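Novice: A predicted structure for the sequence below; I have some questions about it.
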Amino acid sequence: MTIYLPIAELPVDIFTVLALGIAVGFISGMFGVGGGFLMTPLLIFLGVAPAVAVASVSTHMAASSLSGTLSYSRKGQVDYQLGGMLLTGGLTGTLAGVLTFRLLRAYGQLDLFIAISYIALLGTIGTLMVSESLRALLRRWRGQPLVVRRPGAHPWFLRLPFKMRFRRSRIYVSAIPVVGIGFAIGFLGALMGIGGGFILVPALIYLLRVPTITSVGTSLLLTLCTMVAAILMHAVLNQTVDAVLGLILMVGGTIGAQFGVRAGQSMKAENLRLLLGLLVLSVGIRVAVDQVVRPTELYAVTIDGSGR
Amino acid sequence: MTSRAVLLAALLLAVAVLPARAKEVVLSLSKDRVTISSSFSGEDVALFGVIGRGDAATPDAAEPAYDVIVTVRGPNQSFTTWRKERRLGLWMNVDSRAFVAAPSYLAVLSNRPPEAIAAPDILRQEQAGFAHNHLLQRVGTDYADVIASDPFRQAFLRVKKAEGLYFERTAGVEFIAPYVFRASIPIPGRAPVGDYQVVAKVFADGQLISQQSVPLHIAKVDFEQAVATAAREHAVLYGFVAALGALAVGWLASVVFRRD
């Protein structure tokens, strides 16, 4: 059954888009990532213009991150205090990212810069997560006790001044690295067009030592805030938010996210980290392959003007 | 089909009562307005054309064999064509050309390959044939169309064809009588909305003898129209509604699926 999308100006099969929403929503709920880094390329593949895809995906991400946040929140797994501090850094980071974006575009190599950032970032984070979780699994398999977080063994950046206690996350750390991480996420998000959940979750786990489940819940909260801001910005500045496309994605995405959350909570934290690591790594490899392999069509045509 | 038969009959009648003089072409579309509703996934618009019966002085002269090239152009847009090249092991955009005014939709239909219909310079002058449409490029500070063999130009046509917005059908015009022709204009689901121009050029013995054009309008209606208008004219309100709608769906889902 096809339906015509009024802003994307294109007919799509409603069940294909619904299935896409469910699949990405499942991943989104399971790992606490927004899923934008998967959904946007898939929609572009269906023929939706990139600007419309990015803008419409933000409505889907807002919906599924709200339902995810509420699910985690009821279980006390969202650290609102930590989320607020991250958001402070995130908003300034977004502004810095938008300015850098304009600078790079003026020099004409934005696409390449984005691709290389993806490869470097996804490759590093993916490799770190996979190797760490494999080590954890190996220790468990050998029957060795898991290394519990040691309170006294904080790295130097957590011992900086302005210490704050984040009760939900059970950490007592300096506010400087928290705001710094938020800034980095906002900066990269604006520059690379991603929500940043797949960077934020590992950063919270490995740098701030927040428990895995709380990291996921808090990351969903941050995604929710940034995506609502993104919907408004895209709607006002570019007029590229396709409400019909967004609605189909949302319905699929929220259903998928519910099952994803359950799947995530029934899994061991190491397995969850391993899977997310593999996912991040495979997307990174995919981007790398696209850059290295000779494309079948050496020419590309883009429409100028409104970006549509 | 009945409506088309009636249409054709009316056309023939119109031609019959025309004062017999220079060759004239009368065109008619099965519909001059294609409306896009939520179930729109593309459709074909039929074009009928009748070529006038020639001079009164030689009413019984043998009809020459006519050739017809129909060109349909959508509203102009500006495009950039990028060329990739391998640098340091990575494929990156190294060169680009701006096509400042190219049709967003293009269909070239003819009864046989245009190259067999008329000489290249005539085709070029008349913009008849897929490769002969003007595609204005910005070259440095100049605006010009380049030679047909330009790789950027060829790539542009190739990419647009692959996107399903450019069509070239060298057997797309069918003569149902020596002076009556029919063509089917494909309007794909992703055709841009706006005013289209349908131009039919009639050739005989390699010379253009007549031409005629009719407008074709493609527009959104009902719900699609309302959404597009709201997004454009009430952007802030539309944004808030979209954001609140998203939050409502998310909240609803968490209530529906709540299990504790």
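Specialist: It's in.

Novice: Could you pull up the contacting residues of the closest residue in space to A:Gln81 that isn't next to it in sequence?
Specialist: Closest residue to A:Gln81 apart from its sequence neighbours, by Cβ to Cβ, 6 or more residues apart in numbering or on different chains: A:Phe166 at 5.5 Å. Backbone N, C-alpha and C define where each C-beta goes, glycine included. Residues near A:Phe166 by Cβ atoms under 8 Å, 6 or more residues apart in numbering or on different chains: A:Asp79, A:Gln81, A:Leu82, A:Tyr172, A:Val173, A:Val210.

Novice: if I look at the second one, how far off is chain B?
Specialist: It stands for A:Gln81. 22 Å (Cβ to the nearest Cβ, to the nearest Å).

Novice: Who are the contact partners of the residue in the stretch 51-200 of chain A positioned nearest to chain B?
Specialist: Using Cβ to the nearest Cβ, the single residue of the stretch 51-200 of chain A nearest to chain B is A:Leu66, 3.2 Å away. Neighbour list for A:Leu66: A:Leu224, B:Ala246, B:Leu247, B:Gly250, B:Trp251, B:Ser254 [criterion: Cβ under 8 Å, 6+ apart].

Novice: same deal with B:Lys31?
Specialist: B:Val45.

Novice: How about A:Leu20?
Specialist: Here A:Leu20 is in contact with A:Met39, A:Leu42, A:Leu43, A:Leu249, A:Gly252 (criterion: Cβ under 8 Å, 6+ apart).

Novice: Pull out the buried residues from the host helix or strand of it.
Specialist: Using DSSP states H and E, A:Leu20 sits in helix A:14-31. Taking 16 or more other Cβ atoms under 10 Å in any protein chain shown as the neighbour-count basis, helix A:14-31 is seen to contain the buried residues A:17-18, A:20-31.

Novice: Tell me the helix or strand right after it.
Specialist: Counting by DSSP H and E, what follows helix A:14-31 is helix A:36-46.

Novice: Which parts of that following helix count as buried, going by neighbours?
Specialist: So for helix A:36-46, counting by 16+ other Cβ under 10 Å, buried means A:Gly36, A:Phe37, A:Leu38, A:Met39, A:Thr40, A:Leu42, A:Leu43.

Novice: From those, pick the one nearest A:Val292.
Specialist: A:Phe37 (19.4 Å; Cβ to Cβ).

Novice: Up against chain B, what does the stretch 101-250 of chain A have?
Specialist: Within the stretch 101-250 of chain A, the positions near chain B by Cβ under 8 Å from any Cβ of the partner chain are A:108-109, A:111-112, A:115-116, A:227-228, A:231-232, A:234-236, A:239, A:241, A:243-244, A:246-247, A:250.

Novice: rerun that using 7 Å as the cut-off
Specialist: Within the stretch 101-250 of chain A, the positions adjacent to chain B are A:111-112, A:228, A:231-232, A:235-236, A:239, A:241, A:243-244, A:246, A:250 by Cβ under 7 Å from any Cβ of the partner chain.

Novice: Do a quick rundown of the strands in chain A.
Specialist: Ranges of strands in chain A, per DSSP state E, are A:2-5, A:10-13, A:163-166, A:171-174, A:299-303.

Novice: Now the longest one: buried residues?
Specialist: Put plainly, it is strand A:299-303. A:Tyr299, A:Ala300, A:Val301, A:Ile303.

Novice: that older thread, tell me the spatial nearest neighbour of the residue of the stretch 51-200 of chain A closest to chain B, not counting adjacent residues.
Specialist: In this structure, A:Leu66 finds its nearest non-sequential neighbour in B:Gly250, 3.2 Å apart by Cβ to Cβ, 6+ apart.
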